[in-house]
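Colleague: Need a 3D model of the sequence below.
(2 chains)
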Amino acid sequence: MSRARADEEEYWHSSKFRAFTFDDEDDELSQVGAEPPPRPALWGRGPTLVCAQTVFFPQLKESKRAVNSLRDIVDDDDDDLEKVSWSGEPVGSISWSIKETASSSSSSLEGRDTSLQKGSSSYAALPKQVSSYSLSSLFKGRNRLPSLPSLSDAFSDTGVKNYAPELRRPRAEYKDYSNDWSPRDTVRRMQRGKVCSLERFRSLQDKMVLLDEAVAGHDGNVITAVLIFLKRTLRREVLFRELEVRQVALCHLIHFLKETGEQKLLLDLLRFLDRTEEVALSQYREHLNIQDVEKKREFLKGCIGLPFSAEDISHIQDHYTLLERQIIIETNDRHLAMAGQSEIFRKYPRKASILNMPLVTTLFYSCFYHYTEAEGTFSSPTNLKKTFKIPDKQYVLTALAARAKLRAWEDVDALLTTKNWLGYTKKKAPIGFHRVVEILQRNNAPVQVLQEYVRLVEDVETRLNLATKYKCHDVVIDTYRDLKDRIQLMAYKCKVERGSAEEEKINSLLSNMQIRWKN
Amino acid sequence: MASTARRDAPEPPDFGILKRLARDQLIYLLEQLPGRKDLFIEPDLMSPLDRIANVSVLKQHEVDKLYRVENRPAPSTSDQLCFLVRPRVRTMRYIADIVNADKMSGRSRKYKIIFSPQKFYACEMVLEEEGVFGDVTCDEWSFYLLPLDEDIISMELPEFFRDYFLEGDHRWINSVARALQLLNSLYGPFSRVYGIGRCAKMSYELWRDLEEESENDGQGRKPEIGNIFLMDRDMDYVTALCSQVVYEGLVDDTFRIKCGSVDFGPEVTSSDKSIKVLLNAQDKIFSQIRNEHFSSVFGFLSQKSRNLQAQYDRRQGMDIKQMKNFVSQELKGLKQEHRLLSLHIGACESIMKKKTKQDFQEMIKVEHALLEGFDIRESTSFIEEHIDRQVSPIESLRLMCLLSITENGLIPKDYRSLKTQYLQSYGPEHLLTFHNLKRIGLLTEQAAGETLTAVESRVSKLVTDRAAGKITDAFNSLAKKSNFRAISKKLSLIPRVDGEYNLKMPPDMAYVFSGAYTPLSCKIVEQVLERRGWQGLEEVVRLLNGNEFAMADGAPEDGAGGDAQRVVVAVFLGGCTFSEIAALRFLGKERGCRFIFLTTAITSSARMMEAMAEAKA
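Modeller: Take a look at the predicted model:
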């Protein structure tokens, strides 16, 4: 792209054109060796070629017609070209396939030879294999074509020979290049993967007609192609202004800029469109690519000033604070763990670093390793809770999971106990006691601990289910007693152990005359 | 399955030819670079490639070593490198880096890039910018259609969803049009074309264009497919967001079916290794349970096991001759059946285990409440708790989207609080995910509609009428209201059943969601086919934001067109779920017609949610 542009500018802005020499191409070719000459008519490269050829106008007046027809062809039948091998014969023809088999079999023969002569590397095989694709064989092919001599004479010294294979079928009639394809036809040809030079669309109006045609053609690939051309040939403000009223094209440009990573231009565009929130998000997105945490932290700090929505700005602030906090905790804890002094780190070695983890994970970590720390320290759970305004429900849930994992049942108890103003204590769980039970059970809490909370499950049916499932016999028995359900209680008797305290309890209840059973 | 078909559905056409075409073209392209070469394959293309060719085919065509295209320097020592890739900018940079590194070290090799299914101008631009244009040759492998099963054809373009619906990029429309052209030329001409959605319409128009150009001589041929129905994914997000409960859908949700095959891990195989299983109509066990509601699967499998046991047991009373017969003729089949049976039983157990852990029952209850529109507050707190417990980032997101779409957006207070808790539970960078979900219209705030119209009218003032129309269109596509409740009412998507819904002998397509909801997408297909057009569906079309079309090209009347008139290609632009496939297969059996599924990719709620996240560059 940049090269094409340079060439072009050079040509249009300077009187002496020297930048383009076909010799360059030759050098490149011989360097690459086996590489077939580049197909000139491919899109994107087209403009360069056209410019270069224009240079020859004054020098080769008499061959102007020929040149023009060359352009026509070069820009035209590339789909036909694809079916022509570099020796100029149509692919799939017998002679072609014979040649192919010959060359491939000879190369495989060669392969065998070299493998026989032990020691000689594949390097030996390379030049020969290449030779069947050398430039000279290429030109032999060209000369065999009957219609060519006059053309090739005209170009004898210019190096156009690179493109010789394409010169097979000059058009009888010369059609003026600049009027060749209407915008509509241009778009259609591009949709079919054919090559079209866009350079002749020079007035803004022409460009926009072309763009609108591309959009109307529904092929995003072509829309993007036109946009690449417009981006190259229009000042960005002009392009932006035109795109503002062309939403479909605008989407394509934005997506293209995202994909190619032209962040600066993207931001300019979004700013121009007054999409400030997207400007902010798009910049914020870059943090994903920053590996180093210190750098990431600095970057996030810079993000705080970006024009986010009021709601998001607090999220960004939190993100920064969280990472800052994690860096402190991580440095500290890594040190502690290495020193081996702290019992908790020895007993439960850290599995991973806390950096870049979500807040809830960080809270869990802090409840696990730093539960008893005073609020003043950065790593204490209460500090995290306060700093990030973590809702009670979320806090209890996370702390519970962490303490249960450590089987610190007194902590669990304390967490769920509240004191009212008279000094009475009461059990309270903002997440519902069925969840508490579930979490405790998952951490293999003993029945004594478990049943205390099963008892507090409000919904009777759920309570009975949980109590039965986790064998909290006392709770089951008490619940049936409260329900005055004698039949169920009797049925439950066979689920408890013979001669156990539970059985005894059931028996005494069943013989208690003061209970008014409902059945 | 359920009720007996009034008329047998016609057999699906043979799609094997699509594979052969793709394979032949690939071989031809590989031969364009004669001699030994190393082949670099895009990871996304490996599974599709596996389905049409194998290593020995590649080796036959002088492919030496195979590499995966990834962000690492290539260790290849070959003198010819061939890259089989999707047209992506970052892949171009990867290739350019290899070429440029070679240039620096003075090494000369041949490079060839084969784009599948087509080349993009942007890719060539990158090659040019990187200074390697001309050093590499480019080709296109027009591998548009991969038959995954006898009735499923996939374009294997999962990125279609994000590219079109989120970014508004029309790059794949040409590929869709070409795929349709190919299908039409091989199995058409299609006499009736129906469609709904902007992308459907554009694809149809571009395809028409292509057809006009090519002098198709297919007029005299007897068509195998008579009807085609194109639909955009954004016509119906709800269906794609629901938990799947038909077996194939559950297997996909749990293990991820990739390109028609699945990796069953040790927990399924009850051994220490994983087994890769091809899931299609050839699997005699799977083909009988794939479309069944999960609750019926156990019964079927245990019945099968008993039968199998009985067949084995027959050995007991056999004499030598009978035994010889048994071993030579039946044993192999029985063993095969036994293997499949134990795999699917293992899969079922594994699914059950995972689902119980996730409170599946409760979740399904919440989903049904959302679909019917009651207990919104309870559902919201369920989702909240789901988030707080860090159950699963994808599931949490899915439920929020379902809430948003069924309710035409979340009320701002809920939106804010759920978003905050989500970011706290799963990471602040999901701010970007929320932004994307808002843009695509999957997760919105109820007030958002107003601000949008403000922008819209401001922009409209600046431009001519014609352009203004386009803008309104564009805005509509970006964040349209879902109107789910109204559509659901209009099409009676929530079946009214007295008593228990019979999942074993289901009365309608709603069985794919336990009888709680008829998939909207499938209902639209059913209605349009029944009416042979959109007459009488005007209100539904309006609620879906229009862009419907119906064309009949001298279509023969019923009966006259033969079997082809009873074959319908259902095209899903942006992906199709196994639940939808099951529902339409059911409909096909009921109506005596055959559905062929053509999708840009098989999708699921998880894939859709993942497509909305922002990844590292």
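Colleague: Show residues contacting the one helix or strand residue B:325 maps to.
Modeller: According to DSSP states H and E, residue B:325 maps onto helix B:320-325. With contact meaning C-beta atoms under 8 Å, 6 or more residues apart in numbering or on different chains, helix B:320-325 is reached by residue B:315. Backbone N, C-alpha and C define where each C-beta goes, glycine included.
Colleague: Go again with 6 Å.
Modeller: Around helix B:320-325, nothing counts as a contact under C-beta atoms under 6 Å, 6 or more residues apart in numbering or on different chains.
Colleague: what's the following helix or strand after it?
Modeller: Downstream of helix B:320-325, the first helix or strand assigned by DSSP H and E is helix B:331-357.
Colleague: For stretch B:604-616, buried residues please.
Modeller: By neighbour count on 16 or more other C-beta atoms under 10 Å in any protein chain shown, the buried set for stretch B:604-616 is B:604-614.
Colleague: how about a markdown table for the residues you listed, with distance to chain A and secondary structure added?
Modeller: Shown next, in a markdown table, are the buried residues of stretch B:604-616 (distance: C-beta to the nearest C-beta, whole Å; DSSP: H, G, I helix; E, B strand; the rest coil):
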| residue | distance to chain A | secondary structure |
| --- | --- | --- |
| B:604 | 24 | coil |
| B:605 | 22 | helix |
| B:606 | 19 | helix |
| B:607 | 20 | helix |
| B:608 | 19 | helix |
| B:609 | 17 | helix |
| B:610 | 15 | helix |
| B:611 | 14 | helix |
| B:612 | 14 | helix |
| B:613 | 10 | coil |
| B:614 | 6 | coil |
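Colleague: Show me which pair in these is furthest apart.
Modeller: Across the buried residues of stretch B:604-616, no pair lies farther apart than B:604 and B:614, at 20.1 Å, counting by C-beta to C-beta.
Colleague: I'd like the buried residues of stretch B:604-616 as CSV, with pLDDT appended.
Modeller: As requested, the buried residues of stretch B:604-616 are arranged in CSV below (pLDDT from 0 to 100):
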residue, pLDDT
B:604, 96
B:605, 96
B:606, 95
B:607, 96
B:608, 96
B:609, 96
B:610, 95
B:611, 95
B:612, 95
B:613, 91
B:614, 88
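Colleague: Let me know the closest of these to residue A:286.
Modeller: residue B:614 (10.6 Å).
Colleague: give the contact list for that closest one.
Modeller: By C-beta under 6 Å, 6+ apart, the contact list for residue B:614 reads A:285, B:432.
Colleague: make it 7 Å
Modeller: Contact partners of residue B:614, counting by C-beta atoms under 7 Å, 6 or more residues apart in numbering or on different chains, are A:285, A:288, B:432-433.
Colleague: most neighbours, which of these?
Modeller: Among the contacts of residue B:614, residue B:433 has the most neighbours (other C-beta atoms under 10 Å in any protein chain shown), with 21 neighbours.
Colleague: Check the spacing between that residue and residue B:387 real quick.
Modeller: For residue B:433, the distance to residue B:387 equals 13 Å [C-beta to C-beta, to the nearest Å].
Colleague: quick one: low-confidence ranges for the stretch 101-250 of chain B?
Modeller: Within the stretch 101-250 of chain B, the stretches with pLDDT under 70 are B:215-220.
Colleague: Can you show me the strands along it?
Modeller: B:110-115, B:136-140, B:146-147, B:152-154, B:192-196, B:227-232 (DSSP state E, counting those that start in this stretch).
Colleague: what does the stretch 151-300 of chain A give?
Modeller: Using DSSP E, counting those that start in this stretch, the stretch 151-300 of chain A contains no strands.
Colleague: Can you pull up the residues of it that come close to chain B?
Modeller: With C-beta under 7 Å from any C-beta of the partner chain as the criterion, the stretch 151-300 of chain A meets chain B at residues A:191, A:218-221, A:223-225, A:228, A:245, A:247-248, A:251-252, A:255-256, A:259-261, A:281, A:285, A:288-289.
Colleague: Whichever of those residues end up buried, select them in ChimeraX.
Modeller: The following ChimeraX line selects those of these that are buried, judged by 16+ other C-beta under 10 Å:
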select /A:191,218,219,220,221,223,224,225,228,245,247,248,251,252,255,256,259,260,281,285
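Colleague: circling back to that earlier point, where's the helix holding residue B:325 relative to the chain centroid, distance-wise?
Modeller: Relative to its chain's centre, helix B:320-325 lies at 48 Å (C-alpha atoms, centre = their mean, to the nearest Å).
Colleague: Can I get it in CSV? Just the C-alpha atoms.
Modeller: Extracted C-alpha coordinates of helix B:320-325, given in CSV (Å, rounded to 0.1, in the frame of the first residue of the first chain):
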residue,chain,number,x,y,z
ILE,B,320,-21.7,-75.2,17.1
LYS,B,321,-23.1,-74.3,13.6
GLN,B,322,-25.4,-71.6,14.9
MET,B,323,-22.6,-70.3,17.1
LYS,B,324,-20.4,-70.0,14.0
ASN,B,325,-23.1,-68.1,12.2
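Colleague: circling back to that earlier point, which member of the contacts of residue B:614 is positioned nearest residue B:519?
Modeller: Using C-beta to C-beta, residue B:433 comes nearest to residue B:519 of those, at 25.7 Å.
Colleague: Helix or strand: which one has the closest one?
Modeller: Per DSSP H and E: residue B:433 is located in helix B:431-440.
Colleague: Could you find the closest non-adjacent residue to residue B:301?
Modeller: Sequence neighbours aside, residue B:345 is the residue nearest to residue B:301 in space, at 5.4 Å (criterion: C-beta to C-beta, 6 or more residues apart in numbering or on different chains).
Colleague: quick revisit: can I get the strands of the stretch 101-250 of chain B in TSV with distance to residue A:344?
Modeller: Putting the strands of the stretch 101-250 of chain B into TSV (distance: least, C-beta to C-beta, whole Å) gives the following:
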stretch	distance to residue A:344
strand B:110-115	56
strand B:136-140	58
strand B:146-147	54
strand B:152-154	52
strand B:192-196	61
strand B:227-232	55
